[in-house]
Structure formats: structure tokens, C-alpha cells
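Trainee: Below is the structure, and that's it, no one-letter string:
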């Protein structure tokens, strides 16, 4: 990235002329064009922050969707289990007191 900035700003013919005595392209660009360097760094930080916020919001939305689906699924599962646990009342059970011996009362 920094080498592209240098190529746009400086009339150079080879890589040695781009770097001169600097360790890397970034160091040269920072030394030659500190204002543009700071603007580029600021722009990169803002872009990174925007991407992080976007990813965070997207992640939160996915979690909310999963939690909503999980609640709905749990509600359905628990309802089905409760319905299967309830025994159907047989007609004999409703009229059981009629068929019991009188000495049991």
C-alpha cells in the first residue's frame, strides 16, 4: 500500500530509489509526507472501526435470530412433551367411583 503512495508522489525509477535508506515503504512515506501519512492512518482506523461495528451488529442480529428460533423451538418441544405426558382419561377412570365396592367409602 505504502509503495503505491510513494510511486504516485515521487519520480522514481527503481525500488532502491523508493526506499532509499529507510527500512520499509511505510517509514519512507511517513518521513516524506507526514500529513498524508497521518490522514491515511486515520482513514484506515475509521474504516476498520466501521467494519467492526458492522460485523458486531450483524453478529448481534444473528444471535437474536437464533435466540428467537430457539425460544420458539423450545416452546414447541415442551408443549409436545407435555401433551404426550398427559394421559388420556379413560371412561372407566371417570366412572370408577360407581364401580367400587360400597365398603371402601
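Mentor: That came through, no problem. Treat the numbers as computed from the prediction; the structure is a model and nothing was measured.

Trainee: And for residue 33, the neighbour number?
Mentor: By other Cβ atoms under 10 Å, the residues close to residue 33 number 16. C-beta here means a position set from N, CA and C on the backbone, and glycine is covered the same way.

Trainee: Give me the distance from the helix or strand containing residue 31 to the chain's centre.
Mentor: Secondary structure assignment for residue 31, by DSSP states H and E: helix 25-32. Relative to the mean C-alpha coordinate of its chain, helix 25-32 is positioned 36 Å out (Cα atoms, centre = their mean, to the nearest Å).

Trainee: same for it, what does it pack against?
Mentor: Other elements packing on helix 25-32 under the criterion 3 or more Cβ pairs under 8 Å, 6 or more residues apart in numbering; DSSP states H and E are helix 2-9, helix 15-19, helix 34-85.

Trainee: let's go with 7 Å and repeat that
Mentor: Secondary-structure packing of helix 25-32 (3 or more Cβ pairs under 7 Å, 6 or more residues apart in numbering; DSSP states H and E): helix 2-9, helix 15-19.

Trainee: Buried ones in it, by neighbour count?
Mentor: 25, 26, 28, 29, 30 (16 or more other Cβ atoms under 10 Å).

Trainee: thinking again about what came up before, among the helices and strands packed on helix 25-32, which is nearest residue 60?
Mentor: Proximity to residue 60 (Cβ to Cβ) singles out helix 2-9 among those, at 34.9 Å.

Trainee: Also compute the angle for that closest one relative to helix 34-85, please.
Mentor: Relative orientation of helix 2-9 versus helix 34-85 (axes from the mean of the first three to the mean of the last three Cα atoms, to 10 degrees): 140 degrees.

Trainee: in helix 2-9, what's buried?
Mentor: Buried residues in helix 2-9 (16+ other Cβ under 10 Å): 2, 3, 5, 6.

Trainee: That's all I had, so thanks and see you.
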